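**Student:** I would like the atomic coordinates for the input below:
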Amino acid sequence: MKNALMLSGLFAGLSSLPAMAQEGLETIGKPTDGNLGFQPAATQLAEGIHKLDWMILIIITATCVFVAGLMLYAIVRFNRRANPNPASFTHHTTIEIAWTLIPILILVFIGSFSLPELFRQQEIPEGDITIKVTGYQWYWGYEYVDHGFGFDSYMIGNEATTDEGTRAS
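**Tutor:** From the prediction side, this is the model:
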C-alpha cells in the first residue's frame, strides 16, 4: 500500500511537469490575478462592446446605490417609532411621473449607445476562405467550397477519405 501511494504521488508530480513547462510562456488573454474586465480587445467592435459594458455597469451600480439609499431613508424616516401617525394620502403625482419617466430616459440613453454597436455587428467582413460545416448525428462534415475539397471528422477513428470534391461514404 505504501508503494502504491508513493507511485501515485510520483505519477501525479510527473504528470504536472508539462503544465509547469508552460508557465513561462507568454499567453495572450490569459487571466491574471487582481484584474477586472474582459480579455484585451483585438478589434474595434470588441473595444466598443467593452466600453458599452463598462457604461452599463456604472449605470447599474448608480441605480442600485440610489435605490438602496431610498430604502434606507424610508426605513429610518417612516418607521413606527419615528412616525406614529402615518399620512392618509395615497398618491403623489409628481413622484409617480418621475419614477415612470426616469427609467424610460435611462433606457433611451443606454439604447442610444447600444444600437450603434449592434449595427456594427451586422457588418460582416468578406472572408478569405469559405468552409461549409455540417453536423451529422455521429460526426462533422467539412467542405472547403472555394477549393472543391471536403472531409468528414469522426469522433473515433478516421474512416473517410476525400476524392476531388466528393465526400467518401
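**Student:** The residue nearest the centre of the chain: what's it in contact with?
**Tutor:** By C-alpha atoms, centre = their mean, the chain has its centre lying nearest to Phe38, at 8.6 Å. By C-beta atoms under 8 Å, 6 or more residues apart in numbering, Phe38 lies in contact with 46, 50, 53. The C-beta positions use only the backbone N, C-alpha and C, and glycine is treated the same way.
**Student:** Please convert those residues to CSV, extending it with secondary structure and neighbour count.
**Tutor:** Below are those laid out as CSV (DSSP: H, G, I helix; E, B strand; the rest coil; neighbours: other C-beta atoms under 10 Å):
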residue, secondary structure, neighbour count
Ala46, helix, 13
His50, helix, 15
Asp53, helix, 12
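**Student:** Just give me the closest of these to Met71.
**Tutor:** Asp53 (26.8 Å; C-beta to C-beta).
**Student:** related to what we said a few turns ago, hang on, the residue nearest to the centre of the chain in a strand?
**Tutor:** No - read with DSSP: H, G, I helix; E, B strand; the rest coil, Phe38 is coil and lies in no strand.
**Student:** Which pLDDT value belongs to the residue of the chain positioned farthest from its centre?
**Tutor:** The outermost residue of the chain relative to its centre, with distances by C-alpha atoms, centre = their mean, is Asn85 at 50.6 Å. pLDDT recorded at Asn85 is 84.
**Student:** Tell me which stretches of the chain form helices.
**Tutor:** 2-15, 17-21, 44-77, 93-121 (DSSP state H).
**Student:** Same list (those) but as a markdown table, adding mean pLDDT.
**Tutor:** Below are the helices of the chain laid out as a markdown table (pLDDT from 0 to 100):
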| stretch | mean pLDDT |
| --- | --- |
| helix 2-15 | 80 |
| helix 17-21 | 70 |
| helix 44-77 | 94 |
| helix 93-121 | 94 |
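**Student:** Now tabulate those in a markdown table and tack on distance to Asp152.
**Tutor:** Output for these, formatted as a markdown table (distance: least, C-beta to C-beta, whole Å):
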| stretch | distance to Asp152 |
| --- | --- |
| helix 2-15 | 33 |
| helix 17-21 | 31 |
| helix 44-77 | 34 |
| helix 93-121 | 32 |
